[in-house]
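# let me see the structure of the following:
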Amino acid sequence: CRQFTPELVQFYNKLKNRRGHQNDFEIVWISRCRDTDSWGQYFTHMKDWLAMPPELAMGEYGQKLADTYKVKGIPHLVLLEGESATVITYAARDQLAKDKAGVGFPWRNPLVTLYMTVLPKSLRFMIRSQLVELKQQIIAKIKSVLPKMPVLQTAKK
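Numbers count the residues shown, from 1 in each chain. As a prediction, the model looks like this:
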């Protein structure tokens, strides 16, 4: 953390200072520090960032977020789409190391970028709704077939 955070602060400031990008993104710091004092000392380096209170971050809520966003170690940086909270990338820490200038930021998958650019939001919403409905139908069909399947047994020696 202590090595990565200054890089992230520098990256954040660089992007925020670009003309037209002041409001493009925010960082919400969620630290699972061992105690509140450590959290407070470390957070002073994050000038304008939002932060989850340490009591929440260190507790059950922080653990749920860690599980949801596939946190395997620290530091971990995930990029989310602001309006929908859809994950842009779980590998933002690695991407930042490769692209310190932020040329490719927010590091979307090129196919997703094409999809977001070409299709209007209303059409994307309709497609997503159809896919959710199709997924539910497939799951229901599988569940209806599963109880009817015979139980497989291993061959006896």
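# who touches stretch 122-132?
Applying Cβ atoms under 8 Å, 6 or more residues apart in numbering, the contact partners of stretch 122-132 are 115, 116, 119. Backbone N, C-alpha and C define where each C-beta goes, glycine included.
# brain fart, stretch 81-89
By Cβ under 8 Å, 6+ apart, the list of residues contacting stretch 81-89 reads 25, 69, 78, 79, 80, 95, 106, 107, 108, 109, 112.
# residue 15: which of the contacts of stretch 122-132 is nearest?
Lowest distance from residue 15 to those (Cβ to Cβ) belongs to residue 116, with 19.4 Å.
# in a helix, the closest one, correct?
Yes. Counting by DSSP: H, G, I helix; E, B strand; the rest coil, residue 116 is located in a helix.
# quick check: end-to-end length of stretch 62-77?
14 Å (Cα to Cα, to the nearest Å).
# stretch 107-126 now?
In stretch 107-126, first residue to last residue: 25 Å (Cα to Cα).
# so for it, mean pLDDT?
Across stretch 107-126, the average pLDDT comes to 81.
# now do the buried residues in that stretch.
Buried positions in stretch 107-126, judged by neighbour count with 16 or more other Cβ atoms under 10 Å: 107, 108.
# next one: stretch 91-109
Judged by neighbour count using 16+ other Cβ under 10 Å, the buried positions of stretch 91-109 are 91, 92, 93, 95, 96, 102, 105, 106, 107, 108.
# go ahead and confirm the second one touches residue 79.
Yes. Residue 92 sits in contact with residue 79 when judged by Cβ atoms under 8 Å, with a separation of 4.7 Å.
# what touches both of those two?
Common contacts of residue 92 and residue 79 (Cβ under 8 Å, 6+ apart): residue 107.
# hmm, back to that, could you dump the contacts of stretch 81-89 to a markdown table with secondary structure and distance to residue 36?
Formatted as a markdown table, the contacts of stretch 81-89 follow (DSSP: H, G, I helix; E, B strand; the rest coil; distance: Cβ to Cβ, whole Å):
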| residue | secondary structure | distance to residue 36 |
| --- | --- | --- |
| 25 | coil | 27 |
| 69 | coil | 23 |
| 78 | coil | 24 |
| 79 | strand | 27 |
| 80 | strand | 26 |
| 95 | helix | 31 |
| 106 | coil | 32 |
| 107 | coil | 33 |
| 108 | coil | 36 |
| 109 | coil | 38 |
| 112 | helix | 39 |
